[in-house]
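Novice: Predicted structure and sequence below. I'll ask about it afterward.
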Amino acid sequence: MYADTPTRRRTPRVVSTVLAGIVALLTLFIGPWTESASAHGSIVDPASRSYGCWERWGNDHLNPDMATEDPMCWQAFQANPNTMWNWMSLFRENLAGNWQPAIPDGKLCSANDAQGGLATSLDRPGAWTTTDVDNNFSVHLYDTASHGADFFEVYVTRQGFDPTTDALGWGDLEQVATTGSYPPAQDITFNVSAPGRSGHHIVYTIWQASHLDQTYFICSDVNFT
């Protein structure tokens with residue numbers, strides 16, 4: 001379900017030695033800054049926009065059929081392929097619970113471009129692929145680093161909001177769940193209820209990780225059946 005180990009080709013010994021030296025130098029200079037960004041998590045069910053694109057197309061990202069079969073993933077991939085590959089990194093730090101001043105309307109799904117020019121395509125309205133859910137459904141976090149959670153807040157768009165034409169704002173959301181804390185684990189699942197909805201909606205999950213003041217903002221497209 002998660003990322004496969006890439007197949008490695010044989011590399012000539014001289015080239016391999018040179019590459020090893022380059023990697024060592026890069027590690028020396030950027031290592032301290034990349035450690036905190038090397039492993040995080042996201043909502044995988046119902047799939048977040050970026051995780052869903054990676055799950056469906058990560059091993060087939062050069063397939064031209066993506067343009068017609070999954071146009072929102074296609075536009076995200078064309079804007080910057082890292083939007084797909086970096087599906088675990090939609091977080092902000094040191095917000096102290098002040099979500100709305102830091103994440104303006106129209107920028108909720110990218111966490112106000114949390115990846116620095118990589119994820120604004122996630123905010124675009126359109127025919128995002130949905131996950132079928134009932135009004136009572138579960139939310140599943142997959143966290144490679146097992147950060148745990150101080151809490152989750154889950155919001156769902158109000159009936160009448162149209163994700164295919166409307167950019168998401170805070171006023172479009174209704175909070176449907178607030179959880180307690182969870183100990184460190186790679187998989188965390190909890191139940192929520194969003195009655196009175198049908199059709200295409202956005203589930204907006206805020207995950208406050210426990211290891212730092214690090215907050216994730218995640219859009220998942222669902223179809224209430």
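Specialist: Happy to help now that I have it. Keep in mind that this is a model prediction, so the values were computed, not measured.
Novice: Three-state assignment for His200, please.
Specialist: Classification of His200 using DSSP: H, G, I helix; E, B strand; the rest coil returns strand.
Novice: Next up, the contacts around Arg197.
Specialist: Asn135, Val156, Gln159, Phe224 (C-beta atoms under 8 Å, 6 or more residues apart in numbering). Backbone N, C-alpha and C define where each C-beta goes, glycine included.
Novice: give me that answer again for 10 Å
Specialist: By C-beta atoms under 10 Å, 6 or more residues apart in numbering, the residues touching Arg197 are 133, 135, 156-161, 174, 176, 222-224.
Novice: Only alpha carbons, please: show stretch 68-87 as CSV.
Specialist: Extracted as CSV, the C-alpha positions of stretch 68-87 are listed here (Å, rounded to 0.1, in the frame of the first residue of the first chain):
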residue,chain,number,x,y,z
THR,A,68,-8.3,12.3,-18.8
GLU,A,69,-8.8,9.7,-16.1
ASP,A,70,-7.6,11.8,-13.2
PRO,A,71,-7.4,15.4,-14.4
MET,A,72,-6.8,17.0,-10.9
CYS,A,73,-3.9,14.7,-10.2
TRP,A,74,-2.6,15.5,-13.7
GLN,A,75,-2.7,19.2,-13.2
ALA,A,76,-1.0,18.8,-9.8
PHE,A,77,1.7,16.6,-11.3
GLN,A,78,2.2,19.1,-14.2
ALA,A,79,2.5,22.0,-11.7
ASN,A,80,5.2,20.2,-9.8
PRO,A,81,5.8,16.4,-9.5
ASN,A,82,6.8,16.8,-5.9
THR,A,83,3.2,17.5,-5.0
MET,A,84,2.6,13.8,-5.6
TRP,A,85,5.8,12.4,-4.1
ASN,A,86,5.7,14.7,-1.0
TRP,A,87,2.3,13.6,0.2
